[in-house]
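> Can you look at this prediction? I've put the sequence above it.
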Amino acid sequence: MIKGSCLCGTVRYEIEGPFQYASHCHCSQCRKGHGAAFATYGVVASQAVTYTAGSEAITSYHASPTATRTFCRHCGSNLEWRGTATPERVGIALGTLEEDPLVRPRCHIFVGSRAPWYAIADDLPQFTADAAGHSE
Ligand SMILES: [Zn+2]
Ligand SMILES: [Zn+2]
């Protein structure tokens, strides 16, 4: 069981079961949504995620016709990335975890949209588009 919560603590969740994979996404939507150089999402089966508190505070933004991003309406913490075509799995914003997810990012995706002020300094594979189930 891996626990996570938003910045203000209103939204709390638990994940049962392993993450399938994780990746760093440099797409412009992730950069804007997170206010950061990139976003790191871990993907799990949708039924593995249980909201234990604050589910009424979760709101969503349809960032594109194919994706919904959820966040806490009080503090703005990013929580999920959900693809319309892949309801069976969900991307969890790994920065909201309180424990080690026991998964490590395997690649960088959408590096063509990378922030010019950030230099990727690891040896993970880099993809210009979606190599891991995340699409804009
Ligand atoms: Zn919050
Ligand atoms: Zn992205």
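Alright, I've got the coordinates. Residues are numbered from 1 along each chain as shown. Ligands and ions are numbered 1, 2, ... in the order given.

> I'd say residue 109 and residue 129 touch.
Yes - with contacts counted by C-beta atoms under 8 Å, residue 109 reaches residue 129, the gap being 7.0 Å. (Each C-beta comes from the backbone N, C-alpha and C, glycine too.)

> The two: which is more packed in?
Per other C-beta atoms under 10 Å, whichever of residue 109 and residue 129 has more neighbours is residue 109, with 27 against 13.

> Can you tell me how far that one is from ligand 1?
Computed as C-beta to the ion, to the nearest Å, the residue 109 to ligand 1 distance reads 26 Å.

> For that residue, what are phi and psi?
For residue 109, the backbone dihedrals are phi -120, psi 160 (criterion: degrees, to the nearest 10).

> Then residue 25?
According to degrees, to the nearest 10, residue 25 has phi -110, psi 130.

> Make 16 the starting number, not 1.
Right, with 16 as the first residue, what we last looked at is residue 40.

> partner residues bridging it?
residue 54, residue 124 (DSSP bridges).

> Next, the contact list for it, please.
Residues counted as contacts of residue 40 (C-beta atoms under 8 Å, 6 or more residues apart in numbering) are 53-56, 123-125, 149.

> what's the answer for residue 141, then?
Contacts of residue 141 (C-beta under 8 Å, 6+ apart): 122-123, 126, 135.

> Ok, residue 69 next?
21, 25-27, 87.

> next one: residue 100
When the contact criterion is C-beta under 8 Å, 6+ apart, the partners of residue 100 are residue 81.

> Next, it: secondary structure please.
coil (DSSP: H, G, I helix; E, B strand; the rest coil).

> Need the nearest residue in space to residue 61, chain neighbours excluded.
residue 105 (5.0 Å; C-beta to C-beta, 6 or more residues apart in numbering).

> neighbours of the one you found, just the number please.
Residue 105: 23 surrounding residues under other C-beta under 10 Å.

> Which of the contacts of residue 69 has the largest number of neighbours?
residue 26 (26 neighbours).

> Isn't that one up against residue 88?
No - with contact defined as C-beta under 8 Å, residue 26 does not count as touching residue 88 (9.2 Å).

> Quickly list what's touching both of those two.
72-73.
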